[in-house]
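A.B. asks: Sequence first, then the predicted structure, then my questions.
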Amino acid sequence: MLVFFVQEHVYELAGVALMFFLLLIWGYFKEGPIVMAAKSFHNKDYEKAEELLLSIKRPEWLNRKRRGFYEFMLGGISLQRQDYDAAEKHYEIAIQYPLRSLNDHVAALAHVANISIRQHNYDKAEAYIGLAEKHHDKITAKMKAVIERLQTEIKKHKTK
């Protein structure tokens, strides 16, 4: 449309078409296919979700909310594949960004703590549980139960 409007010397509409084109490009780099990947992730189609997430060439260009969720989903995919080092890395990055909800933030903290327990790094696990405990009043009962289970596991190993 831009080329047509320029050929017809209708520069006002050419300017509007150019703005729409630039908005489309900007949206691609700032938003990416996160929404489609989230749908696949929610449906447990981890292959498709990962393919969509890895199609983002520069995740550092995503806006803050999208970047956190991007890392959160990659952490979940890595966890499903039992690649605990990659999952830990992605969840640690996700914690630095705003996530959809406080529950997601606490879930990322709990995942890092759980991976740290698996790797016998109880001090690190305790630190992440401490960060999760700061939000104790605002999280769901399910997350509270997960945190309590992790605390019990840490205490069990600390007393040995």
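C.D. replies: Yep, it's here.

A.B. asks: What helices and strands are in contact with the lengthiest helix in the chain?
C.D. replies: The longest helix of the chain (DSSP state H) is helix 11-30. On a contact count with 3 or more Cβ pairs under 8 Å, 6 or more residues apart in numbering; DSSP states H and E, helix 11-30 meets helix 2-7. All C-beta atoms are positioned from the backbone trio N, CA, C, and that covers glycine.

A.B. asks: in the helix it packs on, what counts as buried?
C.D. replies: By neighbour count with 16 or more other Cβ atoms under 10 Å, helix 2-7 contains the buried residues Phe5.

A.B. asks: average pLDDT across that helix?
C.D. replies: In this model, helix 2-7 has an average pLDDT of 86.

A.B. asks: any idea how far that helix is from the chain center?
C.D. replies: Using Cα atoms, centre = their mean, to the nearest Å, the mean C-alpha position of helix 2-7 is found 41 Å from that of the whole chain.

A.B. asks: residues in contact with it?
C.D. replies: 11, 13-14, 17-18, 21 (Cβ atoms under 8 Å, 6 or more residues apart in numbering).

A.B. asks: picking up where we left off before, what residues sit buried inside the longest helix of the chain?
C.D. replies: In helix 11-30, counting by 16+ other Cβ under 10 Å, buried: 14, 17.

A.B. asks: elements contacting the following helix or strand past it?
C.D. replies: Note on helix 11-30: by DSSP states H and E, the next helix or strand toward the C-terminus is helix 34-42. Using 3+ Cβ pairs under 8 Å, 6+ apart as the contact test, the elements touching helix 34-42 are helix 46-54, helix 64-80.
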